[in-house]
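Trainee: this is the structure alone, sequence omitted:
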């Protein structure tokens, strides 16, 4: 019998070295490196909960923000393989009503366009605050919900609203509530203790949540007493009776665009699924063709064919953040002068997704050619200065690359 050598560094005293002291250090930082066979190193530092003094671990669930989109799309592709959904069918077929850009009424919008952010939708009319019992469809009546200039399929615009619509199609195709459907299709087969918006997690898992902070103030997931009393948006004074849920009525309830709670070790298993071409630890969830379809860029930046940053986090970057995008999968290190997406600084075309919400920064990145990857997150990282070589923040660069600072004070990459 042989054993894999797993290197665990506790605490992570030197992982994110030389971040400007004036910017402040993240409250918690976790980095897990992996290959096709398992985890190869785990590095942690800081607190999951400042109030109780609970230290963070690589098994603690955290709201990983937009990495949720990638995981949601694994569920979509399972339904595609089962013949329940089709990427290129008019999504109106699944929604039960006609989804059309008001200025381009003859152009169908498909799941492929929604998943690759080429639907011509925007987030300007909202995307997550539709309460239980109200249809999300009403958002689309607001002209601000649409890019008035570009027809569907002609322009990239990163839009969270796409994913509640994807969730609605999934619910209508199966009759199952999105969070429970994702548990059946993805989380349980991979034996992941994870959930979307807490409802389908148990109380013990919820109490291990990594609290999200902004400038030292908690903003999400203080779950010391167990799961939140209500895990979805409700109207003021209304009850939180999920029996009122209707399939395909409001796909934002369980936050398919950003509400996944999963540990860094759990993210590593998702990454290993991609390294294994749809199979991990003997469990096959996807065909290799489906993995290839997710990771193949549907859009590549050419200098003027898309909005290259997430608009609700602001613009002004000198170089593009999004440069290649597949089905909820980013590709890094794009060879274009206007791109700043070489997070690792080595020109390798890794695939995965970034996360940025409530002052958390997260990432899941895989080098499929070499069979390696990394999952990481940092909380209260909103004050991290710009990266040294990319348009990512400095803390993301350090976590991605595994920069360590040994006793001699000279930073060098983890080996």
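Mentor: Yep, it's here. Note that the coordinates shown come from a computational prediction; the quantities given were computed from them, not determined experimentally. Numbers count the residues shown, from 1 in each chain.

Trainee: tell me who's in contact with residue 33.
Mentor: 39, 40, 41, 42, 372, 373, 374, 402, 414 (CB atoms under 8 Å, 6 or more residues apart in numbering). Yep, even glycine has a C-beta here, placed from its N, CA and C like the rest.

Trainee: what's opposite residue 284 in the beta bridge?
Mentor: Beta-bridge partners for residue 284, by DSSP bridges, are residue 279.

Trainee: switch to numbering from 3
Mentor: Sounds good: first residue 3 from here, last item residue 286.

Trainee: which residues of the stretch 53-202 of the chain fall in helices?
Mentor: 69-83, 94-97, 113-117, 164-176, 180-184 (DSSP state H, counting those that start in this stretch).

Trainee: save those helices as TSV, and put in distance to residue 138 too.
Mentor: Shown next, in TSV, are the helices of the stretch 53-202 of the chain (distance: least, CB to CB, whole Å):
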stretch	distance to residue 138
helix 69-83	15
helix 94-97	10
helix 113-117	13
helix 164-176	6
helix 180-184	12
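
Trainee: out of those, which comes closest to residue 229?
Mentor: With CB to CB as the measure, helix 180-184 is the member of the helices of the stretch 53-202 of the chain nearest residue 229 (12.4 Å).

Trainee: JSON lines for the contacts of residue 35, including distance to residue 301?
Mentor: Compiled in JSON lines, the contacts of residue 35 are given as follows (distance: CB to CB, whole Å):
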{"residue": "41", "distance to residue 301": "32"}
{"residue": "42", "distance to residue 301": "33"}
{"residue": "43", "distance to residue 301": "34"}
{"residue": "44", "distance to residue 301": "34"}
{"residue": "374", "distance to residue 301": "26"}
{"residue": "375", "distance to residue 301": "23"}
{"residue": "376", "distance to residue 301": "24"}
{"residue": "404", "distance to residue 301": "30"}
{"residue": "416", "distance to residue 301": "33"}
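
Trainee: and which of those is nearest to residue 388?
Mentor: residue 404 (19.6 Å).

Trainee: I figured that closest one hits residue 375, correct?
Mentor: No: taking CB atoms under 8 Å as the definition, residue 404 is not a contact partner of residue 375, at 11.8 Å.

Trainee: out of these two, which sits in the more crowded spot?
Mentor: When residue 404 and residue 375 are compared for neighbours, residue 375 comes out ahead with 26 against 18, by other CB atoms under 10 Å.

Trainee: show me what contacts that one?
Mentor: Contacts of residue 375 (CB under 8 Å, 6+ apart): 35-37, 270, 273-274, 276-277, 352, 354, 366-369.

Trainee: do the same with residue 59
Mentor: 32, 46, 50, 265.

Trainee: farthest pair in the contacts of residue 35?
Mentor: 44 and 374 (14.7 Å).
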